[in-house]
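*Asks:* compute the structure for the input listed below.
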Amino acid sequence: MGLRETKKLETRRAIAAAGMRLFVTRGFDHVTVAEVAREAGVSEKTVFNYFPTKEDIFFDEVPERLEALRDAVRGRKDGESLIDALHGLQAAESTRLASPGFAHFARTIAESPTLQAKGLDVMGQFTDHLAVTIREELGLHPADAQIAANLLMSVHWQFFRNACDHALAGRSGPATVRRLRGELDRAYRLLEHGLGGLEPAPSAG
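*Replies:* Alright, predicted model coming up:
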C-alpha cells in the first residue's frame, strides 16, 4: 500500500473511531455528521467522501467483512465445503463478539431504530455479495446461488443477534464464546442437510 492509500485508510479509521466514541456516549440518533467531523478533526465534506451516510460510519467494517466473506469462499482448502468454510469464518468471530467492548456496539444498535434498519440493509448486501461469489466460484445456477446465500446468511444473522443478546444481558468472555460457538454449530447442523444436494448449473448447449 502506497503512502496515499495509507493516509486515506488512516483518515477513514479516524473518522470511524471518532463517530463510534460519540455514538456510544450520546446515542447514534443524537449525533450529527458535523459533530463527527469536528471530533475527527476533518471537514464534513471529508466525512462524506469516505462515508455516504452517517449509518455507514457506524458500520464502517462492512467492506472488510464483505472481503472476508469472499475470501472464505474462494480460499477454501481442498475438500472443504462451502458450509465448513463459512462456519469456520463465523466461529472465528466468536471471540470478538463475546468481548466486553461489543456490548457498547450492541447497545447502540438496540437504542436506534435507524441502525436496526441499516443492519437489515447490511445483511442484504452480504447476501447479494455472497450469492455472486457462490455463483462464480461453484458454477451454480443463479437461483440456486441466491437460495444458498439466503440460507447461509440467515445463520450469520441469527449468530449476530445471539451475540447482541448475550452482550446486552452482560455476558462475555470464554463461556460466552463457547455458548456462541455451540449455537452456531447447531445452526449449521440444521442447515447442512438442506444444502447437501446443491448441484452445478448445467453447461450451455
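*Asks:* what's near enough to touch residue 68?
*Replies:* residue 89 (C-beta atoms under 8 Å, 6 or more residues apart in numbering). Using the backbone N, CA and C atoms, a C-beta is placed for each residue, glycine as well.
*Asks:* now it: how far from residue 138?
*Replies:* 18 Å (C-beta to C-beta, to the nearest Å).
*Asks:* check residue 14 too.
*Replies:* 39 Å.
*Asks:* cool, and residue 154?
*Replies:* Residue 154 is 19 Å from residue 138, where distance means C-beta to C-beta.
*Asks:* break down the protein into its strands, ranges please.
*Replies:* With strands called from DSSP state E, the chain shows none.
*Asks:* how does it divide into domains?
*Replies:* The chain breaks down by automatic domain parsing into domains covering 3-54, 61-195.
*Asks:* which other residues reach the lowest-mean-pLDDT helix or strand in the chain?
*Replies:* In the chain, the helix or strand scored least confidently by mean pLDDT, DSSP states H and E is helix 174-195, which has a mean of 89. For helix 174-195, the external contacting residues (C-beta under 8 Å, 6+ apart) are 82-83, 87, 90-91, 94-95, 97-98, 148, 151-152, 155, 158-159, 162-163, 166, 171.
*Asks:* not counting sequence-adjacent ones, nearest residue to the residue positioned nearest the centre of the chain?
*Replies:* Central residue of the chain (C-alpha atoms, centre = their mean): residue 65, 5.1 Å from the mean position. Using C-beta to C-beta, 6 or more residues apart in numbering and skipping the chain neighbours, the partner closest in space to residue 65 is residue 126 (7.2 Å).
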